[in-house]
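Enquirer: one predicted model, sequence on top.
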There are 2 protein chains.
Amino acid sequence: MAISENPLSQQLFESFMRVRKLNWLNWHGAGPRPSDVRALFCIKKDSAVDGTGITVTALSNQLRVSTPTVTQLMNDLELQGLVERSTDATDRRVIRVRLTEEGDRAFKRAQSAVADAFNGLIDYLGPDQTAELAGLLGKVLAYYHDHQVLPTGGRKL
Amino acid sequence: MAISENPLSQQLFESFMRVRKLNWLNWHGAGPRPSDVRALFCIKKDSAVDGTGITVTALSNQLRVSTPTVTQLMNDLELQGLVERSTDATDRRVIRVRLTEEGDRAFKRAQSAVADAFNGLIDYLGPDQTAELAGLLGKVLAYYHDHQVLPTGGRKL
DNA sequence: CTCATATAATTAGGTTGCCTAACAAAAACA
DNA sequence: TGTTTTTGTTAGGCAACCTAATTATATGAG
């Protein structure tokens, strides 16, 4: 473990690269994809505060992906019948996205899948270490949010 | 923060999804890609124990990607002049991969890039929290290593 | 010693999850 | 009114993986 041979930075890099590749949802080709699930969560969360539906721009900001990416995600979810688009009543440029009833069911299944994926880990770590982990991940994200290690492409937010 | 509204599992999922997308090496289209860098590290590390070069299968195991993926990575690195392939002396099926001199220079640059990317975070967290983070990531990986959340495709190792 | 089987790597083709650039439509402003 | 800005979409591309099939070589069973 001599620092010169395998520095801490390199270990962290390797750990993050491995964590990145974990297939949390145990997804194997059927139903909504992991990125769909993330979008579903976001749309559902918004629906609690604004029943008219979330905008593409808001989704783009919250998911931290470009608007064309959101369009593709929504095309996909719409094709699966999980969301519906409608043009905003007062600004005809913006489109509002809401969950359909089937989308809501898919959301609940996704929530279960995520719970299944993480509750084992949470039990394994125990409440203290789980809280530490969540806190540290938050700090990592906060640090890089302020220090320019942006997603590929270097969006300026 | 009511558990029923945004369960811990969902928060962890979201955090991991965001961490996954960080562009650690600040890569913007020039030089070896992040996955190349990971391979470079692996090849270099092996060269310390075995001067004849690492095999494709060994790289596949250590990087946790399929052998065709390793082949593609190696094609790429060879094209960039960073590695060289040679058939093994005693088993003509296996090919041995070593860093070229330019590959070694690229390795050193990559090491610096990783250090640049992580030393800021390490300073920000301080030694105690950095150690905690490294330890927790290790536990997460160990847990999922034993609990079947394998990389996409569900390889059986 | 030969033939079937196992192993190493490659080729071919596909998928996910992103991106930028260019655009059309609508709103805001000057 | 006309220019500028904002919103979302279309088009096309790329990174980083995968599986299935193939080739070449080695190994083991009779």
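Expert: The structure has been received and is ready for your questions.
Enquirer: low-confidence stretches in chain A?
Expert: A:1-5, A:148-157 (pLDDT under 70).
Enquirer: repeat that for 80
Expert: Counting by pLDDT under 80, chain A contains low-confidence residues at A:1-6, A:29, A:148-157.
Enquirer: for it, which segments count as helices?
Expert: A:8-20, A:34-47, A:56-63, A:67-79, A:101-146 (DSSP state H).
Enquirer: nearest to B:Gln72, of those helices?
Expert: helix A:8-20 (17.0 Å; Cβ to Cβ). C-beta here means a position set from N, CA and C on the backbone, and glycine is covered the same way.
Enquirer: ok, that closest one near chain B or not?
Expert: Yes - legend: contact between helix A:8-20 and chain B by Cβ under 8 Å from any Cβ of the partner chain is shown at A:8-20.
Enquirer: list the contacts for the spatially most central residue of chain A?
Expert: Closest residue to the average C-alpha location of chain A: A:Arg38 at 3.8 Å, with Cα atoms, centre = their mean. Contact partners of A:Arg38, counting by Cβ atoms under 8 Å, 6 or more residues apart in numbering or on different chains, are A:63, B:13-14, B:17.
Enquirer: who wins on neighbours among the residues you listed?
Expert: B:Phe13 (24 neighbours; other Cβ atoms under 10 Å in any protein chain shown).
Enquirer: give me the nearest residue to that one, chain neighbours excluded.
Expert: Distance criterion Cβ to Cβ, 6 or more residues apart in numbering or on different chains; nearest residue to B:Phe13, sequence neighbours excluded, is A:Val114 at 4.9 Å.
Enquirer: equivalent analysis for A:Met17, please.
Expert: Nearest non-adjacent residue to A:Met17, counting by Cβ to Cβ, 6+ apart: B:Arg38, 5.8 Å away.
Enquirer: repeat for A:Val83
Expert: Counting by Cβ to Cβ, 6+ apart, A:Leu77 is the residue found nearest to A:Val83 once chain neighbours are left out, at 4.4 Å.
Enquirer: which of the contacts of A:Arg38 sit farthest apart?
Expert: Maximum distance among these (Cβ to Cβ): 12.8 Å, for A:Leu63 and B:Phe13.
Enquirer: and stretch A:117-129, how far out from the chain's middle?
Expert: For stretch A:117-129, the separation from the chain centroid amounts to 20 Å (computed by Cα atoms, centre = their mean, to the nearest Å).
Enquirer: right, is that stretch up against chain B?
Expert: Yes - Stretch A:117-129 is in contact with chain B by Cβ under 8 Å from any Cβ, via A:117-122, A:124-125, A:129.
Enquirer: farthest pair within those?
Expert: A:Ala117 and A:Gln129 (17.3 Å).
Enquirer: look at the two and report which has more neighbours.
Expert: Counted by other Cβ under 10 Å, A:Ala117 and A:Gln129 do not tie: A:Ala117 has more neighbours, with 22 against 17.
Enquirer: who's in contact with that one?
Expert: A:24-26, B:9, B:13, B:149.
Enquirer: same thing but 6 Å
Expert: A:Ala117 makes contact with A:24-25, according to Cβ atoms under 6 Å, 6 or more residues apart in numbering or on different chains.
Enquirer: now it: how far from DNA strand C?
Expert: A:Ala117 sits 14 Å away from DNA strand C, taking Cβ to the nearest atom of the strand, to the nearest Å as the criterion.
Enquirer: A:Leu59 and A:Val70 touch, don't they?
Expert: Yes - the pair A:Leu59 / A:Val70 is scored as a contact, 4.8 Å apart, by Cβ atoms under 6 Å.
Enquirer: leaving out sequence neighbours, find the closest residue to A:Pro32.
Expert: Nearest to A:Pro32 is A:Ala106, by Cβ to Cβ, 6+ apart, at 5.8 Å.
Enquirer: wait, that neighbour touches A:Gly81, no?
Expert: No - counting by Cβ under 6 Å, A:Ala106 does not reach A:Gly81; the two are 9.0 Å apart.
Enquirer: these two: which has the busier surroundings?
Expert: Taking other Cβ under 10 Å, A:Ala106 and A:Gly81 do not tie; A:Ala106 has more neighbours (23 against 12).
Enquirer: ok, which residues in chain A are in contact with chain B?
Expert: Residues of chain A lying close to chain B by Cβ under 6 Å from any Cβ of the partner chain are A:9-10, A:12-13, A:15, A:17-18, A:20-23, A:38, A:114-115, A:118-121, A:124, A:133, A:136-137, A:141, A:143-144, A:147, A:149, A:151-152.
Enquirer: separate out the buried members of those.
Expert: A:9-10, A:12-13, A:15, A:17-18, A:20, A:22-23, A:38, A:114-115, A:118, A:120-121, A:124, A:133, A:136-137, A:143-144, A:149, A:151 (16 or more other Cβ atoms under 10 Å in any protein chain shown).
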